[in-house]
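Enquirer: Got a predicted model here, sequence first, then my questions.
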There are 2 protein chains.
Amino acid sequence: MNADPPVFQLFNEIGIINQLSTKIFEGALPKGMTTAQFTVLNHFVRLGIDEKSPAELASAFQITRPTMTSTLTRMARAGLVSIRADPNDGRAKLVSLTDTGREMRESCIAASAVFFPLLGSFISDAEVAEILPTLIRLRVKLDGMRDAKAVTLD
Amino acid sequence: MNADPPVFQLFNEIGIINQLSTKIFEGALPKGMTTAQFTVLNHFVRLGIDEKSPAELASAFQITRPTMTSTLTRMARAGLVSIRADPNDGRAKLVSLTDTGREMRESCIAASAVFFPLLGSFISDAEVAEILPTLIRLRVKLDGMRDAKAVTLD
DNA sequence: GCATTATAGTTAGATATCTAATTATATAGT
DNA sequence: ACTATATAATTAGATATCTAACTATAATGC
């Protein structure tokens, strides 16, 4: 009864998996924390970065600058990041983690330490290894298309 | 330099693919149309349904009732759906497509007829066939967890 | 050097999504 | 029958996300 083309099905499944896994993950995070904010915290720590501009962060996460402004405003209000003017560029700003931000990231990591084994019980390492390369190839191609001026399709 | 566990990577890639493909798809839809609204239109047509309550629709798409209320309100405002009181249940309502809704669905299908071959050029049918079963299994398991009362993880 | 163009960040306005709380109606239980 | 519980829909308030438009500063170009 499912007449959808395989590619449609694929994107459909990916959409549902994304929605469900995101919800489960956020349910495990400290109250009020979101995936978007955790991603920023994790980025600084994992890459050992001191300061980065909002534009660079937006680019790293492939979101628009207004979205980044919005998230950073909330994170600054919560004391997770600190934002100062860039002394070398009057237009730009520089974002850095606060101690509170670093502690929050630790709490999130602790939460995910419980979360990922659970997900791991839903899909084996072998299965992940089997499908991950294909998904990465697909992501890279989609990503390349994003850079094409407009997604005109004509 | 990527020390993330494979499962983390998997969900990361899935998140990015979902974001990019959704954006590309919506870019192809008629101005103002969204994936959420198209999904509702397509649901009625594909399954040949006349009327369905907001609660049933919310359940079918695995979103909350407030979200469904929100989307249906906008769709009704745009003339895409019609909503009436359920004569058999004073609490419930019944949603149905309007002619405008049906036409809009056709336009979206026409748009996707251009979109999916494009995506198809990014991933072969063979690759889709290879990874789809695993993704479906994963989705089903995540889905089952959703029904567990609370995602307590403890 | 001054005008044009590009870039950084923000603001405005929109949609989708969630949780918590509210209102109204049904159903169950005793 | 009357109370207690469950269900349908909505409202309120929040986050994330987008596009379009705006302000300010930097870089280019002639």
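Expert: Thanks, I have the structure now. Numbering: from 1, shown residues only, chains lettered A, B, ... in the order given.

Enquirer: so where's chain A shaky on pLDDT?
Expert: Low-confidence segments of chain A, defined by pLDDT under 70, are located at A:1-3, A:146-154.

Enquirer: ok and the residue in it nearest DNA strand D?
Expert: Minimum separation of chain A from DNA strand D (C-beta to the nearest atom of the strand) falls at A:G90, amounting to 2.6 Å. For the C-beta atoms, the positions are set from N, CA and C on the backbone; glycine is no exception.

Enquirer: How is that residue assigned, secondary-structure-wise?
Expert: coil (DSSP: H, G, I helix; E, B strand; the rest coil).

Enquirer: before we move on, what about A:I83?
Expert: Reducing the assignment to helix, strand or coil with three-state DSSP, the entry for A:I83 is strand.

Enquirer: OK, contacts around it?
Expert: Residues counted as contacts of A:I83 (C-beta atoms under 8 Å, 6 or more residues apart in numbering or on different chains) are A:72, A:76, A:93-96.

Enquirer: which one of the residues you listed has the most neighbours?
Expert: Among these, the one with the most neighbours (other C-beta atoms under 10 Å in any protein chain shown) is A:V95, at 23 neighbours.

Enquirer: Remind me which helix or strand that one belongs to.
Expert: Assigning secondary structure by DSSP states H and E places A:V95 in strand A:93-97.

Enquirer: buried set for stretch A:47-62?
Expert: Residues A:52-54, A:57-58, A:61 are the ones in stretch A:47-62 that count as buried (16 or more other C-beta atoms under 10 Å in any protein chain shown).

Enquirer: how about the residues of chain A near DNA strand C?
Expert: In this structure, chain A approaches DNA strand C at residues A:19, A:23, A:53-56, A:65-66, A:68-70, A:72-73, A:83, A:86, A:89, A:91-93, judged by C-beta under 7 Å from any atom of the strand.

Enquirer: Show me those residues that map onto strands.
Expert: Secondary structure assignment (DSSP state E) places A:83, A:93 from these within strands.

Enquirer: re earlier: how about the buried residues of stretch A:47-62, which pair is most distant?
Expert: With distance counted by C-beta to C-beta, no two of these lie farther apart than A:S53 and A:F61, which are 13.0 Å apart.

Enquirer: I'd like to know how far the closest residue in space to A:F25 that isn't next to it in sequence sits from B:R65.
Expert: In this structure, A:F25 finds its nearest non-sequential neighbour in A:F115, 5.8 Å apart by C-beta to C-beta, 6 or more residues apart in numbering or on different chains. When distance is defined by C-beta to C-beta, to the nearest Å, A:F115 is 27 Å away from B:R65.

Enquirer: Please apply the same query to A:P6.
Expert: Remark: distance between A:P6 and B:R65 (C-beta to C-beta) = 32 Å.

Enquirer: re earlier: quick one: the strand holding A:V95 to strand A:81-85, angle?
Expert: Comparing the axes of strand A:93-97 and strand A:81-85 via axes from the mean of the first three to the mean of the last three C-alpha atoms, to 10 degrees yields an angle of 160 degrees.

Enquirer: Please enumerate residues in contact with the very next helix or strand once past strand A:93-97?
Expert: The helix or strand immediately downstream of strand A:93-97 is helix A:99-120, counting by DSSP H and E. Contact partners of helix A:99-120, identified using C-beta under 8 Å, 6+ apart, comprise A:21, A:24-25, A:28-30, A:33, A:38, A:41-42, A:44-45, A:75, A:78-81, A:97, B:5, B:7-8, B:11, B:153-154.

Enquirer: Kind regards, and thank you for your time.
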